[in-house]
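Q: Make a model of this:
(3 chains)
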Amino acid sequence: MVVKKTIVVENLKYRYPNTSKLALDSISFSVDEGQFVGIVGKNLAGKSTLCEALVGLVPHFYKGAYGGKVVVDGVEVLNSSIGEMARHIGIVFQNPFTQITAAKLTVYEEIAFGLENLGMDRVEMVKRIDYVLDLLGLYDFKDRNPFELSGGQMQRLAIAGIIAMKPTVIVLDEPTSQLDPQGSEEVFKAVQRLSKEGVTIVMVEQKMEKIAQYADKVMLISEGKMIDFDSPQKLFSREDLENFGVEPPVFTTIAKKLNVKDETTGLYPVTIDEARRLFSL
Amino acid sequence: MGKKSMWSLSFSTPVLVLIPAAVGINYVGKLFAQLLKLPLWLDSIGTIIASMLSGPIVGAVSGAINNIIYGLTMDPISFVYALTSIAIGLVVGIMAYRGRITTLWRAIVVGLVVAIVSALVSTPLNVMFWGGQTGNVWGDALYAYCIAHNIPVWLSSFFDEIVVDIPDKVATVVIAFVIFVSLPKRLIQMYEGEETLERLD
Amino acid sequence: MARALSLYVETNTFLQKLDPMVKLLYILLSILLPFLILPYRVVGLTFILISCLLLLYGKVFKKVLPLLGFSFLILISIVIIQGLFMQSNRTPAFTIDGLTFYKEGLLYAWTLCIRVLDVLLAFALLVLTTRPSDLIQSLVKRGLSPRFGYVLSSALQIIPQMMSEVGSIMDAQRSRGLETEGNLWTRLKAFVPLIGPVVMSSLLETRERAMALEVRGFSAIGKKTFLFDTEMTLLDKILEWVLGILLLISIIVRIVWL
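A: This is a model prediction of the structure:
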């Protein structure tokens, strides 16, 4: 069976206006439909820029200098507006507060915002809102003012607003970095559920344990360049990870110190289950 | 990078998000002035920052929306004074575009011009609705003194307004200026520039 | 807790159900008709009476009083100042404590009172019986750009949100030793450190919020739909026509008479 390539990026280069350095430099990769991709790298490595390039904010929102090609769900980003891309790909940012439209009085109406913009028929709208309210566990809050939600609830609302538009891909750019542990956990659960529903997921995250647990593939970015794009086991087993400002999951670090590897693959464990299996030998 | 035309009527999404923030800043300024018991209104800082960032049209729209919102939620008479707010937005936007408000001294000059324009626009409204008064105790005392001494109503009313406006608008523009110069460059560029897309291949 | 700003009172009368456009037309009429049809004071008083009756009917009359507060104080001072000092004052009306009030000034003050009350009550009718969001949606349906509709709705939500931060900023800066009391100069100096953080954060947020709106199709081309769509009733349409025609007739009559 041929797997559909949901994201195809070819030789992507990008420079922000009024800057001289490339923020993204010759990046090429592809993502299969339904895959969960994690992106890691240190601050300002270009992770957020790459996310913005997938949804079209780069280059349409910022302008600047752009080269190469990004195709999502069969649509080339450069040739379509951000609004058109919204039907194919959505993005969730760090700060839940700024993602509230601030124009709607209830959670229910807030979710409808994107659907109204796309001119969706009302019956379909209501159906989709009910679906995402349930999927993200927001049903009890549907009549609340969005500003009265907790950080974790607000971030789930941001995800709901995106998912209601039924994109094939959802990009999450450090969605839990401004949340407390409970809020983070709520968001991770929601993301896991989306992944089960078959949504292709691209997630930037500092919590490597989570990336190792959920991701099918992990991309390592440094100074605008893609260093590696591989399975979490292979990527986190790299001995030079620290050079790129990335700390592997805690289990991997311990295993590296003790030099415990999987004998068949020659790789370090990355999740707690793998570590348990290897250490108990 | 080119500079956008001053009279551009295209409202980008960042600009549309800026306007409510500007109105919010106006409200917050007014509230702090009350809490500090200052004898000034300081209720147009946001409008002025919006004008500095995005030009006269955006400033004028921020001013108008400020009064529409105030009219809808606090005092209906405020609708009428939208004209004054629009004028303030226009003046600051034009002056910022032409000369860049780059020094404290220039900010004070702009403040004086804003005070005069604002008084010129408010005076006919004051005459029409309040017989020329402003509701400010000091200004109205001056007004009563003037008309009791046979100074024409229009002029008395202008004095009434301008004695209140000069300290208020100079302070407002100076405060807006102090805040504006500390804004990150990237933010200022987002509002002032008309970026173009360049190909890298 | 932060809520959208609104003076709306839910009393479930006919006025709340009325299309906001009808109320806007009524405001226009009550401002213009006294100028178009003379005598000014009689027409103005008629509108004040109609507005009062409607406000009573809408069970929101009590809520008008706070709205009148500020204007009321100025109106009193107008009566005093114009009654005493107006330049065309000739005919003494009465004298209190040696101060002589004149008929001309009092009549002029009376005209101003009518003008202000007329405008104020007509607007009060709109703002007390209309949900701001309904008003905005109604304007958008009549052709206001939905992007401007957004600006209005967003301002109504952002303002209380920003105002709610004021108290905590004041406390925080005070605890860092900022003096917020004392002479005028001390208080004035405290202003920038207080407002600075609110301005900075609200402006920095604009970039992210703009992006978040974009990716939700804010700039998408094509017709938008509404989650809650209310149709105008037959009565709304009739009233709109009646008020519109009334306005038109008055304008024509006025032009012909000039």
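
Q: Can you name the residue of the stretch 1-150 of chain C nearest chain B?
A: Here the residue of the stretch 1-150 of chain C nearest chain B is C:Phe123; by Cβ to the nearest Cβ that distance is 3.3 Å. Yep, even glycine has a C-beta here, placed from its N, CA and C like the rest.

Q: Stretch C:151-169 and chain B, are they touching?
A: Yes - interface with chain B: stretch C:151-169 contributes C:151-152, C:154-159, C:161-163, C:165-166 (Cβ under 8 Å from any Cβ of the partner chain).

Q: cool, and stretch A:43-62?
A: Yes - taking Cβ under 8 Å from any Cβ as the criterion, stretch A:43-62 and chain B are in contact, through A:59, A:62.

Q: Help me see whether that stretch makes contact with chain C, please.
A: Yes - using Cβ under 8 Å from any Cβ, stretch A:43-62 comes into contact with chain C via A:52, A:55, A:57, A:61.

Q: if we take those residues, which one ends up nearest to chain B?
A: After measuring the residues of stretch A:43-62 next to chain C against chain B - Cβ to the nearest Cβ - the closest member comes out as A:Phe61, at 8.1 Å.

Q: Now for that closest one, how many residues are close by?
A: Neighbours of A:Phe61 under the rule other Cβ atoms under 10 Å in any protein chain shown: 22.

Q: Could you do the one 10 residues further on as well?
A: Under the neighbour criterion other Cβ under 10 Å, A:Val71 is assigned a count of 18.

Q: give me every residue that touches residue 156.
A: Because you didn't say which chain, this covers chain A. A:Arg156 sits next to A:136-138, A:186-187, A:190 when contact means Cβ atoms under 8 Å, 6 or more residues apart in numbering or on different chains.

Q: that answer is for a different chain, and I need it for chain B
A: B:Ser156 makes contacts with B:132, B:142-143, B:146-147, as judged by Cβ under 8 Å, 6+ apart.

Q: tell me the mean pLDDT over the host helix or strand of it?
A: For B:Ser156, the element it lies in under DSSP states H and E is helix B:153-181. Average pLDDT, helix B:153-181: 95.

Q: Model confidence at the residue nearest the centre of chain B, what's the number?
A: The residue lying closest to the centre of chain B (Cα atoms, centre = their mean) is B:Ile88, at 3.9 Å. Note on B:Ile88: pLDDT of 98.

Q: That one: what secondary structure?
A: Under the three-state scheme (DSSP: H, G, I helix; E, B strand; the rest coil), B:Ile88 adopts helix.

Q: swap in A:Glu239?
A: coil.

Q: residue contacts, it?
A: A:Glu239 neighbours (Cβ under 8 Å, 6+ apart): A:Lys256.

Q: Repeat the analysis, applying 7 Å as the threshold.
A: A:Glu239 makes contact with no residue under the criterion Cβ atoms under 7 Å, 6 or more residues apart in numbering or on different chains.

Q: A:Ile27 versus that one, what's the distance?
A: 24 Å (Cβ to Cβ, to the nearest Å).

Q: isn't B:Arg199 right up against A:Gly67?
A: Yes - counting by Cβ atoms under 7 Å, A:Gly67 is a contact partner of B:Arg199 at 6.3 Å.

Q: These two: who's more crowded?
A: Set B:Arg199 next to A:Gly67 and count neighbours by other Cβ under 10 Å: A:Gly67 wins out with 20 against 11.

Q: so how far is the helix holding B:Ser156 from its chain's centroid?
A: Chain-centre distance of helix B:153-181: 9 Å, with Cα atoms, centre = their mean, to the nearest Å.

Q: In that helix, which residues are buried?
A: In terms of neighbour count (16 or more other Cβ atoms under 10 Å in any protein chain shown), helix B:153-181 has its buried residues at B:153, B:156-166, B:168-177, B:179-180.

Q: do the same with stretch A:59-76
A: A:59-68, A:70-73, A:75.

Q: In the residues you listed, find the pair that's most separated.
A: Of all pairs drawn from the buried residues of stretch A:59-76, the one with the longest distance (Cβ to Cβ) is A:Ala65 and A:Asp73, at 25.2 Å.

Q: before we move on, the earlier item: would you show me how to pick out the buried ones of the contacts of B:Ser156 in PyMOL?
A: PyMOL command restricting the contacts of B:Ser156 to the buried ones, with burial defined by 16+ other Cβ under 10 Å:
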select buried, chain B and resi 132+142+143+146+147
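
Q: Now, the contacts of B:Ser156 that are in helices?
A: B:142-143, B:146-147 (DSSP state H).

Q: Same list, the residues you listed, but only the ones touching chain C.
A: Among the ones in helices among the contacts of B:Ser156, proximity to chain C is found for B:Ile147 (Cβ under 7 Å from any Cβ of the partner chain).

Q: Just put the ones in helices among the contacts of B:Ser156 in TSV and tack on pLDDT.
A: TSV is the format used below for these (pLDDT from 0 to 100):
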residue	pLDDT
B:Leu142	95
B:Tyr143	94
B:Cys146	95
B:Ile147	91
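
Q: Which one of the ones in helices among the contacts of B:Ser156 is nearest to C:Lys223?
A: Checking those one by one against C:Lys223 (Cβ to Cβ), the nearest turns out to be B:Tyr143, at 53.2 Å.

Q: how about the closest one, what does it touch?
A: B:132-133, B:156-157, B:159-160.

Q: Out of those, name the two that are farthest from one another.
A: Between any two of the contacts of B:Tyr143 (Cβ to Cβ), the greatest distance is 11.5 Å, for B:Gln133 and B:Phe159.

Q: How much space separates the residue in the stretch 1-150 of chain A positioned nearest to chain C from A:Leu138?
A: Nearest residue of the stretch 1-150 of chain A to chain C (Cβ to the nearest Cβ) works out as A:Gly83 at 3.1 Å. Distance check for A:Gly83 against A:Leu138: by Cβ to Cβ, it reads 25 Å.

Q: Could you point out which residue ranges in the stretch 1-150 of chain A have low pLDDT?
A: Residues of the stretch 1-150 of chain A meeting the criterion pLDDT under 70: A:1.

Q: Can you pull up the residues of it that come close to chain B?
A: Residues of the stretch 1-150 of chain A lying near chain B (Cβ under 7 Å from any Cβ): A:13, A:15, A:17-18, A:59, A:63-67.

Q: can you check the stretch 1-150 of chain C too?
A: Residues of the stretch 1-150 of chain C lying near chain B (Cβ under 7 Å from any Cβ): C:5-7, C:67, C:70-71, C:74, C:77-78, C:81-82, C:85-87, C:108-109, C:112, C:115-116, C:119-120, C:123-124, C:127, C:132, C:147, C:150.

Q: Could you report the pLDDT at the residue of chain B found nearest chain C?
A: Nearest residue of chain B to chain C: B:Pro76, at 3.3 Å (Cβ to the nearest Cβ). If you check B:Pro76, the pLDDT there is 80.

Q: How many residues are close by it?
A: Around B:Pro76 there are 26 residues (other Cβ under 10 Å).

Q: follow-up on the earlier one: the residues of the stretch 1-150 of chain A next to chain B: which two are farthest apart?
A: A:Asn18 and A:Gly67 (17.8 Å).
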